[in-house]
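A.B. asks: quick one: sequence plus predicted model below, questions after.
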Amino acid sequence: MDPSGGCPHAANARLLARGSVTPVVLPGEVRGMAVLGHEALRDFLAHPDVAKDARHFAALQAGEIADGWPLKAFATVQGVTTADGADHRRLRSLTSKAFTARRVEELRPRVEALTASLLDGLDRAASVGDGVVDLRTHFALPLPMSVICELLGVDARYHDRLHQLSNRVVATDTAPDEAMAANREMLEVLGAVAATKAEDPGDDLISALLAAREADGDRLGPHELIGTLMLTVIAGHETTLNLITNAVRALCAHRDQLALVRSGGASWADVVEETLRWDSPVSYFPFRYPTRDLTLDGTLIPKGTPVLAGYSAAGRDTSAYGPDAERFDVTRGGGTRHLSLGHGAHYCMGAPLARLEGTTALAQLFTRFPDLDLAVPEAELPRHASFVGNSVRALPVRLRS
């Protein structure tokens, strides 16, 4: 795996041509596997003999993984995304209350108002200089970051730093000392936030988790609390940030599809679902581990192997989506359902919120700025230095022609 990231789709196509499951070499010469094909990935994500707890990671348990390994945080952080069985159900039941369909719908007015306010700021920023503005910095980032932090109860003064640290945690090209420092600082920041909430609780997820811990100390350990917060902050804004960014890029490159939506031939929800399939916000997500030797689509995955879930590859698998799988088509609908929000017990809790934020952001953005377009060619956009997140680091646009 290329630790510097970049656009994954050409490499994905080459790998898929060889098979739906393939061996990979992770940073640090760590041997792993990747599941790329849609059907194989769906089966793998829900397989009863596949775990998320790092005690099943053979090389880690053998002491073969260095402390500064850039992907170690994904394996060792304790929280809802790395728990199995009863532990996972316990943590998920505590956390999922913040992401129910009813709770998300109650957030709609706030998301709509925040989107409108951010568009005002985007317009002001574009009015300075040559009219070019970074849509990612001024719009696609602060919307999900503000919403997830409000849900959690994280004060605005922490937002920028938490995003910067999230970027370092998900990067796959990080030097060992940088990886350890970023992980340590993020845990420290969230620990400070939790301590503040313990003294002054409010109507937010952190306060609710702390209350559950006080009511039954065995239900949520301190490491599980901070680990769950860390994973919620990262997943709650990085993925939606990439979703909005990738959708805008796709629509700018496919003006016919944008015109179709604006004429009523398709919906903004259709745009969100097709973007999730065609250019998944997460390319390869670490890790799952077979608890026994597992044969998947004819390929053996040895027990204890760290396995990447190849969401961006599965989204363009021609065996699932047909020969035109590489075409961005907002009318695709029906048929095979993409896996970009997961499958099985670990299906993304924040899926309803991500969809609300994505549809609201795109509808308001292109209603207010119907001629919005990229200010530089797509090929010149700087890519993420990660094979985990799939997007660009900046999105310079012109709001008006």
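C.D. replies: Thanks, I have the structure now.
A.B. asks: from now on I want contacts and neighbour counts done on CA atoms only, so please keep to that.
C.D. replies: OK.
A.B. asks: so what's residue 33 up against?
C.D. replies: Going by CA atoms under 8 Å, 6 or more residues apart in numbering, residue 33 touches 21-25, 301, 305-308.
A.B. asks: the stretch 51-200 of the chain: helices as residue ranges?
C.D. replies: 58-61, 72-76, 85-95, 101-126, 135, 142-152, 159-170, 176-199 (DSSP state H, counting those that start in this stretch).
A.B. asks: I'd say residue 162 and residue 186 touch.
C.D. replies: Yes. Counting by CA atoms under 8 Å, residue 162 touches residue 186, with 6.8 Å between them.
A.B. asks: find the nearest non-adjacent residue to residue 365, please.
C.D. replies: residue 119 (7.1 Å; CA to CA, 6 or more residues apart in numbering).
A.B. asks: against residue 131, how distant is the one you found?
C.D. replies: As defined by CA to CA, to the nearest Å, residue 119 lies at a distance of 14 Å from residue 131.
A.B. asks: higher neighbour count, the two?
C.D. replies: residue 119 (20 against 16; other CA atoms under 10 Å).
A.B. asks: how close does the more buried one get to residue 244?
C.D. replies: Taking CA to CA, one finds residue 119 at 14 Å from residue 244.
A.B. asks: residue 265: neighbouring residues, count only.
C.D. replies: 12.
A.B. asks: hmm, residue 15 is touching residue 22, no?
C.D. replies: Yes. Between residue 15 and residue 22 there is a contact under CA under 8 Å: 7.4 Å.
A.B. asks: what's the overlap in contacts for the two?
C.D. replies: residue 36.
A.B. asks: just checking, the residue nearest to residue 365 touches residue 363?
C.D. replies: No. Contact between residue 119 and residue 363 fails when scored by CA under 8 Å: they sit 11.6 Å apart.
A.B. asks: now, the contacts of residue 33 that are in strands?
C.D. replies: 21-25, 301, 307-308 (DSSP state E).
A.B. asks: strands of the stretch 251-400 of the chain, start to end?
C.D. replies: 284-290, 294-296, 299-301, 307-310, 373-374, 396-398 (DSSP state E, counting those that start in this stretch).
A.B. asks: mean neighbour count, mean pLDDT and distance to residue 174 for those strands - can I get that in JSON lines?
C.D. replies: Compiled in JSON lines, these are given as follows (neighbours: other CA atoms under 10 Å; pLDDT from 0 to 100; distance: least, CA to CA, whole Å):
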{"stretch": "strand 284-290", "mean neighbour count": "23", "mean pLDDT": "96", "distance to residue 174": "16"}
{"stretch": "strand 294-296", "mean neighbour count": "15", "mean pLDDT": "97", "distance to residue 174": "31"}
{"stretch": "strand 299-301", "mean neighbour count": "17", "mean pLDDT": "97", "distance to residue 174": "27"}
{"stretch": "strand 307-310", "mean neighbour count": "27", "mean pLDDT": "97", "distance to residue 174": "18"}
{"stretch": "strand 373-374", "mean neighbour count": "20", "mean pLDDT": "98", "distance to residue 174": "29"}
{"stretch": "strand 396-398", "mean neighbour count": "20", "mean pLDDT": "98", "distance to residue 174": "25"}
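A.B. asks: looking at those strands, which is closest to residue 265?
C.D. replies: Shortest distance between residue 265 and those, using CA to CA, is found for strand 373-374: 21.0 Å.
A.B. asks: pull the number of nearby residues for residue 51.
C.D. replies: Neighbour count of residue 51, defined by other CA under 10 Å: 22.
A.B. asks: grab the most central residue of this protein for me.
C.D. replies: residue 239 (2.9 Å; CA atoms, centre = their mean).
A.B. asks: what about that residue, helix or strand, and which?
C.D. replies: helix 222-253 (DSSP states H and E).
A.B. asks: check which helices and strands that helix sits against.
C.D. replies: Contact analysis of helix 222-253 by 3 or more CA pairs under 8 Å, 6 or more residues apart in numbering; DSSP states H and E lists helix 142-152, helix 159-170, helix 176-199, helix 255-262, helix 268-278, helix 351-368, strand 373-374 as its packing neighbours.
A.B. asks: mind giving me the packing neighbours of the third one?
C.D. replies: If you count contacts as 3+ CA pairs under 8 Å, 6+ apart, helix 176-199 packs onto helix 159-170, helix 205-215, helix 222-253.
A.B. asks: got these as a markdown table, with mean pLDDT columns?
C.D. replies: Output for those, formatted as a markdown table (pLDDT from 0 to 100):
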| stretch | mean pLDDT |
| --- | --- |
| helix 159-170 | 85 |
| helix 205-215 | 77 |
| helix 222-253 | 90 |
